[in-house]
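**Q** let me see the structure of the following:
(chains A and B)
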Amino acid sequence: MARHRLATNTDTRTEDAVATYLSDVAAELYGPRRRREAILAELRDGLDQATEDNIAAGLSPDRAAAAAISQFGTPQAVADAFAGELATAYARRTIALFIVTGPLVGIWWLLLLQPSPWRTGLIALLAAIPVLPLLIIAIATAGGTFATTGRLMRWLPETGPRRALAATTAIATICIIGDLTVITMFMASDVPTRPLAVIAIAASLTRIACSITTVRHATRMRSRSR
Amino acid sequence: MLPMRPELLKGHLDTLLLAVLEPGPQHGYAIIESLRSGSDGALDLPTGTVYPALHRLERAGLIASDWQTVGGRRRRAYHLTPAGQAALGEQRAVWDQFSTAVTALLGRRTWPATA
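**A** Presented below is the predicted three-dimensional model:
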């Protein structure tokens, strides 16, 4: 009985040591929540396996857990090692969101600001919606970054975490400039306010808020990744 | 055997990880142990550097992973993809050429004296 209680206490201490270590690692990880959870679950499994191997090699449970933790490195070192992958994951996820939601914002402005009659050519379209070149730059940056941080990096030069975050910041900034421009243009024009305009402005304001958050997060992560 | 500095492995870790996964799927810690035991302890890498390298290889589509539950624990097992198998074959050929050339140079004990 006493022996069983002793074993249970040791197990609890071992558990506590691993849990404290993982909690310290978690405090240093920045990036998408699901990615962070997956990393911690994987580290947990590795630490448990290392502890079991150390016990099988003759160490006491306490020393086995301590040795496993030491083998994995300091929480800061482990978090630093993951910083690049988390930054890239954040950049890819955010860029994908911009690509997917872009048409949901743009369609309202296109319907609202389209030149009349509709088929008057590219010049008329650019005059009506002058932010189109900016959007093309943003789409090209997004496509390029997405391709060179994914499977195509086997053939194309890989974009590193810092450049991926810089591209994310650039895309978000272009969205802010573009949205502010079209809102200002619409306000300054004599086009009567319609429900379509309310939807377009609301969509742009939402994207501006999301873009500002993206710039803040990307800048903070960029300072942490090498 | 002296353990190698991690920076010496720069550029080769990806290929080594693919080679370790060639026989079959393994979880992260088992891969680290395979690197260590397969090199007689010479490749004793900090664990923190190996997991992110595996994630990068998965992002490149050279390996893939599945989550399993083993003994009540969530475990991520990695396996080679066909693209990873092909990349490993290419890297083996490159390494054979490189090592033959380097061994030919380093293997010379004495250099001929110049006049």
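**Q** and the lengthiest helix in chain A, how far out from the chain middle?
**A** What stands out as the longest helix in chain A, according to DSSP state H, is helix A:75-113. Using CA atoms, centre = their mean, to the nearest Å, the mean C-alpha position of helix A:75-113 is found 5 Å from that of the whole chain.
**Q** remind me what that helix packs against, helices and strands.
**A** Taking 3 or more CB pairs under 8 Å, 6 or more residues apart in numbering or on different chains; DSSP states H and E as the contact definition, the neighbouring helices and strands of helix A:75-113 are helix A:2-28, helix A:33-56, helix A:132-148, helix A:161-188, helix A:195-224, helix B:47-59. C-betas here are computed from N, CA, C, even on glycine.
**Q** which SS state does A:Gly58 fall under?
**A** Recorded secondary structure, A:Gly58: coil (DSSP: H, G, I helix; E, B strand; the rest coil).
**Q** quick check: the gap between it and chain B.
**A** With the distance defined as CB to the nearest CB, to the nearest Å, A:Gly58 ends up 17 Å from chain B.
**Q** number of nearby residues for that residue?
**A** With neighbours defined by other CB atoms under 10 Å in any protein chain shown, the count for A:Gly58 comes to 8.
**Q** before we move on, what about A:Glu28?
**A** 16.
**Q** how about the residue lying closest to it once chain neighbours are set aside, what does it touch?
**A** Computed as CB to CB, 6 or more residues apart in numbering or on different chains, the closest residue to A:Glu28 that is not its neighbour in sequence is A:Ala79, at 3.3 Å. Remark: with contacts taken as CB atoms under 8 Å, 6 or more residues apart in numbering or on different chains, A:Ala79 is in contact with A:25, A:28-29.
**Q** follow-up on the earlier one: can you list the helices and strands packed on helix A:75-113 in TSV and add mean pLDDT and distance to A:Asp62?
**A** Compiled in TSV, these are given as follows (pLDDT from 0 to 100; distance: least, CB to CB, whole Å):
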stretch	mean pLDDT	distance to A:Asp62
helix A:2-28	75	6
helix A:33-56	94	10
helix A:132-148	92	47
helix A:161-188	94	37
helix A:195-224	92	33
helix B:47-59	90	20
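**Q** what segments of chain B are strands?
**A** Taking DSSP state E to define them, one finds strands in chain B at B:26-27, B:63-70, B:73-80.
**Q** which of those sits closest to A:Ile137?
**A** The stretch from the strands of chain B with the least distance to A:Ile137 (CB to CB) is strand B:63-70; that distance is 34.0 Å.
**Q** other SSEs contacting the closest one?
**A** For strand B:63-70, the helices and strands in contact under the criterion 3+ CB pairs under 8 Å, 6+ apart are helix B:13-21, helix B:47-59, strand B:73-80.
**Q** out of those, flag the one nearest A:Ala172.
**A** Shortest distance between A:Ala172 and those, using CB to CB, is found for helix B:47-59: 21.9 Å.
**Q** which residues are contacting the closest one?
**A** Residues outside helix B:47-59 that contact it (CB under 8 Å, 6+ apart) are A:39, A:42-43, A:46, A:71-73, A:77-78, A:80-82, A:84-85, A:88, A:149-151, A:153, B:6, B:13-14, B:17-18, B:28-29, B:31-32, B:35, B:63-65, B:78, B:84.
**Q** residues in contact with stretch B:26-45?
**A** Outside of stretch B:26-45, the residues within contact range by CB under 8 Å, 6+ apart are A:42, A:45-46, A:49-50, A:53, B:1-4, B:6, B:9, B:13, B:16-17, B:20-21, B:47, B:50-51, B:54, B:75-78.
**Q** A:Asp62 - nearest residue in space that isn't next to it in sequence?
**A** In space, and not counting its chain neighbours, A:Asp62 is closest to A:Arg13: 6.0 Å by CB to CB, 6+ apart.
**Q** count of neighbours near the one you found?
**A** Neighbours of A:Arg13 under the rule other CB under 10 Å: 13.
**Q** using CSV, lay out the helices and strands packed on helix A:75-113 together with distance to A:Ile107.
**A** As requested, those are exported to CSV (distance: least, CB to CB, whole Å):
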stretch, distance to A:Ile107
helix A:2-28, 40
helix A:33-56, 30
helix A:132-148, 12
helix A:161-188, 13
helix A:195-224, 9
helix B:47-59, 32
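**Q** buried stuff in stretch A:85-96?
**A** For stretch A:85-96, burial by neighbour count (16 or more other CB atoms under 10 Å in any protein chain shown) applies to A:85-92, A:94-95.
**Q** wait, which of those is closest to chain B?
**A** In terms of CB to the nearest CB, no member of those lies closer to chain B than A:Glu85, at 4.7 Å.
**Q** for A:Ala26, see how far away the closest one is.
**A** A:Glu85 sits 15 Å away from A:Ala26, going by CB to CB, to the nearest Å.
**Q** show me the residue sitting in the middle of chain A in space.
**A** Against the mean C-alpha coordinate of chain A, by CA atoms, centre = their mean, the closest residue is A:Tyr90 at 1.8 Å.
**Q** ok now stretch A:165-182, how far from the chain's centre?
**A** Offset of stretch A:165-182 from its chain centre (CA atoms, centre = their mean): 16 Å.
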